[in-house]
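>>> return a 3D structure for these sequence lines:
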Amino acid sequence: MSETQIEVPQTVKTTLTTKEVIAYLADKFPLCFFLEGEIKPLKIGLFQELSEALNGDENVSKTSLRQALRIYTMNWRYLRACQAGAIRVGLQGEEAG
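Residues are numbered from 1 along each chain as shown. The predicted structure is shown next:
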């Protein structure tokens, strides 16, 4: 019996890192997410809106989205922007209270 070599395909990285997810969000929603400069506070409940807007998007899972939002909102620039009376923004940059 001869030995048969089976070719196993290499695993392709399909998940984005947290930084890549944040960059993706900034690209897709430029009036809501900012990589540089002044950051605006996000509206309450934005995760649900984001998960609906990105439903079916193979680039971002709900888990990676949740992690990216956690990192984004823990950034010192974001925390500094969250002062009393600050206007929060929605996905399209609209004021949300």
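
>>> for E95, grab phi and psi.
phi -70, psi 140 (degrees, to the nearest 10).

>>> OK, contacts around it?
By CB atoms under 8 Å, 6 or more residues apart in numbering, E95 lies in contact with 87-89. Every residue, glycine included, has its C-beta placed from N, CA and C.

>>> for it, name its beta-bridge partners.
Assessed by DSSP bridges, E95 has beta-bridge partners V89.

>>> so what pLDDT did it get?
For E95, the pLDDT comes out at 91.

>>> just the CA atoms of the longest helix along the chain, as PDB, please.
Criterion DSSP state H: the longest helix present in the chain is helix 62-74. The C-alpha atoms that make up helix 62-74 are tabulated as PDB, following Å, rounded to 0.1, in the frame of the first residue of the first chain:
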ATOM      1  CA  LYS A  62     -21.200  40.500  18.000                       C
ATOM      2  CA  THR A  63     -18.400  39.400  20.300                       C
ATOM      3  CA  SER A  64     -15.700  41.400  18.500                       C
ATOM      4  CA  LEU A  65     -18.100  44.300  18.300                       C
ATOM      5  CA  ARG A  66     -18.700  44.200  22.000                       C
ATOM      6  CA  GLN A  67     -14.900  44.000  22.700                       C
ATOM      7  CA  ALA A  68     -14.200  46.900  20.300                       C
ATOM      8  CA  LEU A  69     -16.800  49.100  22.000                       C
ATOM      9  CA  ARG A  70     -15.400  48.300  25.400                       C
ATOM     10  CA  ILE A  71     -11.900  49.300  24.300                       C
ATOM     11  CA  TYR A  72     -13.200  52.400  22.500                       C
ATOM     12  CA  THR A  73     -15.200  53.700  25.400                       C
ATOM     13  CA  MET A  74     -12.400  53.000  27.900                       C
END
